[in-house]
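Student: Return atomic coordinates for the entry below.
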Amino acid sequence: MSFRRILPAQFCLLLMAVLAMRLGFPLIMIVPLTGMLMVALFIPWAEIRFLMTGVLGLCTLIWTVMTVMRVELRMAYEQPFIRLAAILGGVALFNAWAAWLVWSSRKACAEEQAETRTATPLAQ
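Tutor: The predicted model follows:
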């Protein structure tokens, strides 16, 4: 598994843990931190790829709902909301991109394995 595909997912899980702590739910931090730990312990990627994609998809949904709620609150109080919408929308898009990277990693891993098989001839 390429480090370039794992790093955005790790960062998104860290952002989710920070959001849970910010909202006052420290026990919910266990979910994203456990996901980070599973990747750090080198559990076979094929086993956790589906789980990580689901967790990152859920994180995307949470950030999208958070964006809508915060923007509506700012609009109700007649405060500026464009910058908030852009920042939180960007975080939600980054989470969606990381989920796509994790999900498409199966194809990339298969291509890497095919390249290594053709590069090293079988000794018989």
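Student: pLDDT score for V102?
Tutor: Confidence at V102, expressed as pLDDT, is 89.
Student: what sits against it?
Tutor: The contact partners of V102, by CB atoms under 8 Å, 6 or more residues apart in numbering, come to 5-6, 9, 49, 52-53, 56. Where you see a C-beta, it was placed from the backbone N, CA and C, and this is true even at glycine.
Student: Which helix in this structure has the most residues?
Tutor: helix 45-76 (DSSP state H).
Student: Show me what it is packed against.
Tutor: Packing partners of helix 45-76 (3 or more CB pairs under 8 Å, 6 or more residues apart in numbering; DSSP states H and E): helix 3-22, helix 30-40, helix 82-103, helix 105-119.
Student: Same list (those) but as JSON lines, adding distance to T64.
Tutor: What follows is those, written out as JSON lines (distance: least, CB to CB, whole Å):
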{"stretch": "helix 3-22", "distance to T64": "13"}
{"stretch": "helix 30-40", "distance to T64": "17"}
{"stretch": "helix 82-103", "distance to T64": "5"}
{"stretch": "helix 105-119", "distance to T64": "23"}
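Student: Mean pLDDT lowest where, among those helices?
Tutor: Looking over the helices and strands packed on helix 45-76, mean pLDDT reaches its minimum on helix 105-119, with a mean of 70.
Student: ok so, going back, and I62, which of the helices and strands packed on helix 45-76 is closest to it?
Tutor: Distance to I62, taken as CB to CB, is lowest for helix 3-22 among the helices and strands packed on helix 45-76, at 7.2 Å.
Student: what distance separates that closest one from the middle of the whole chain?
Tutor: Relative to its chain's centre, helix 3-22 lies at 6 Å (CA atoms, centre = their mean, to the nearest Å).
Student: and it, what other elements does it pack with?
Tutor: Helix 3-22 is packed against helix 30-40, helix 45-76, helix 82-103, with contacts defined by 3+ CB pairs under 8 Å, 6+ apart.
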